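*Asks:* just a sequence and a predicted model for now, questions to come.
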Amino acid sequence: MTVKLIRNAYEAGLTMTAVLLSWGAALALEGTAGLHTDVLVLAVALTLTLASTQRTADTRRRLISLVLLPATAAVSIFVGRLLASHYATGAAVYTAGMALAIWIRRYGPAATKAGTLIALPLVALLVVPGPALPREAQSGLVTWGWSALIGAMACGSVWLVQSLGDRFGPWRPDPAPDPPSRRSRLNPRPSTRMALQMVAGIATAFVLGNLLFDDHWPWVVLTAYVAASGNRGRTDVLRKGIERLAGACAGTLLAAGVAAVGATGHTAVALMFATLAVALWLRPLSYAYWAAGMTCALSLLLGYFGQDAASLLPTRLEGIAVGAVLSVVSAWWLLPVPKRREPGATRPAVA
């Protein structure tokens with residue numbers, strides 16, 4: 001266990017180094033181009049989620065990421081604008097994009113990795129979307145062109161840090177072999193089943209999120225996606241939903257303690273990065289640690305943007321609980337995937 005914790009700390013250190021490098025580049029870009037603070041959020045979110053997907057990637061995969069991630073990041077900005085102006089249409093487009101990212105897994109490992117890259121910016125969009133920001137912070141949000149540039153910067157930061165780590169660091173990642181290519185005997189295929197489950201879960205999350213939580217609908221949608229992604233069976237989805245809710249409860253208590261201290265400004269930013277580092281370190285042990293860290297970090301981030309984060313924590317827990325229930329219901333009763341792992345049932349590396 002001690003060796004595992006040390007190894008986890010090393011991997012978390014690499015990821016946070018890439019995150020800070022991307023954040024610093026975005027900070028310089030923000031000041032030079034007169035952009036809004038959300039470019040920093042986008043840079044951190046994309047780098048954080050991209051790092052784990054690229055850890056064992058070869059040069060060809062990294063070059064594909066350098067093309068695909070900026071493009072999908074730019075498209076995600078249009079989706080975000082659509083959600084803000086025409087919620088129903090934006091929700092439909094978002095749901096279709098997430099379903100597509102899962103459905104194409106049927107075409108093998110390369111398509112699976114491409115689907116992950118398609119999903120990354122859409123997940124990042126839910127971290128702090130425009131509608132969730134205070135009204136005074138919604139002007140001047142990042143455009144599609146700057147978003148594409150931020151995506152390229154995230155790729156470059158991850159590539160640079162991980163390459164240097166592999167060359168000079170004490171450990172190299174153990175490459176994960178691609179699953180054998182074989183046609184599933186299930187009909188419909190697991191990828192189709194999971195795509196349909198995702199459509200049902202996310203679409204319902206958009207409806208209930210808007211009805212019950214107004215501008216805070218992203219918490220419902222994000223949980224519905226995270227718990228159902230990489231579906232390895234009904235028990236797996238139930239476990240992830242419980243871990244996310246338990247972690248969010250712990251993160252709520254932690255965030256309440258931070259709020260009581262009154263950390264603001266640069267102190268809040270430093271605490272946010274420290275929380276993310278600890279959450280990354282403990283994430284391989286249980287997803288609950290990651291959920292707790294993300295809940296606390298998002299609370300600090302919303303507080304930085306001027307929202308009363310402490311008062312929103314109970315609402316966030318309610319949204320997470322609703323999203324978890326939706327993912328479990330769709331996984332258990334809509335074309336459930338057998339527990340035995342099938343092609344296309346890969347575990348996600350995002351959120």
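*Replies:* Received it, and whenever you're ready, just let me know what you need.
*Asks:* mind giving me the packing neighbours of whichever strand or helix holds Pro314?
*Replies:* Under the criterion of DSSP states H and E, Pro314 resides in helix 309-333. The elements that helix 309-333 packs onto, with contact taken as 3 or more C-beta pairs under 8 Å, 6 or more residues apart in numbering; DSSP states H and E, are helix 190-213, helix 218-228, helix 234-261, helix 287-304. Every residue, glycine included, has its C-beta placed from N, CA and C.
*Asks:* let's have the ones you listed in CSV, adding mean neighbour count, distance to Leu334 and mean pLDDT.
*Replies:* Shown next, in CSV, are those (neighbours: other C-beta atoms under 10 Å; distance: least, C-beta to C-beta, whole Å; pLDDT from 0 to 100):
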stretch, mean neighbour count, distance to Leu334, mean pLDDT
helix 190-213, 22, 5, 92
helix 218-228, 28, 10, 86
helix 234-261, 19, 11, 80
helix 287-304, 24, 23, 82
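*Asks:* where does this protein have low pLDDT?
*Replies:* The chain contains residues with pLDDT under 70 at 1, 128-142, 175-186, 230, 259, 262-264, 305-310, 339-351.
*Asks:* quick check: closest non-adjacent residue to Gly13.
*Replies:* Leaving out its chain neighbours, the residue that sits closest to Gly13 by C-beta to C-beta, 6 or more residues apart in numbering is Ala277, at 7.7 Å.
*Asks:* the one you found: neighbour count?
*Replies:* 19 (other C-beta atoms under 10 Å).
*Asks:* tell me the SS of it?
*Replies:* Put simply, Ala277 is helix when judged by DSSP: H, G, I helix; E, B strand; the rest coil.
*Asks:* give the contact list for it.
*Replies:* Applying C-beta atoms under 8 Å, 6 or more residues apart in numbering to Ala277 gives the contacts 12-13, 16.
*Asks:* in the strand or helix carrying Tyr94, what's buried?
*Replies:* When elements are assigned from DSSP H and E, Tyr94 belongs to helix 87-103. Within helix 87-103, the residues that qualify as buried by neighbour count (16 or more other C-beta atoms under 10 Å) are 90-91, 93-95, 97-99, 101-103.
*Asks:* could you check how far Ala18 is from Arg81?
*Replies:* Distance of Ala18 to Arg81, computed by C-beta to C-beta, to the nearest Å: 28 Å.
*Asks:* who's more crowded, those two?
*Replies:* Ranked by neighbour count (other C-beta under 10 Å), Ala18 and Arg81 place Ala18 first, with 25 against 15.
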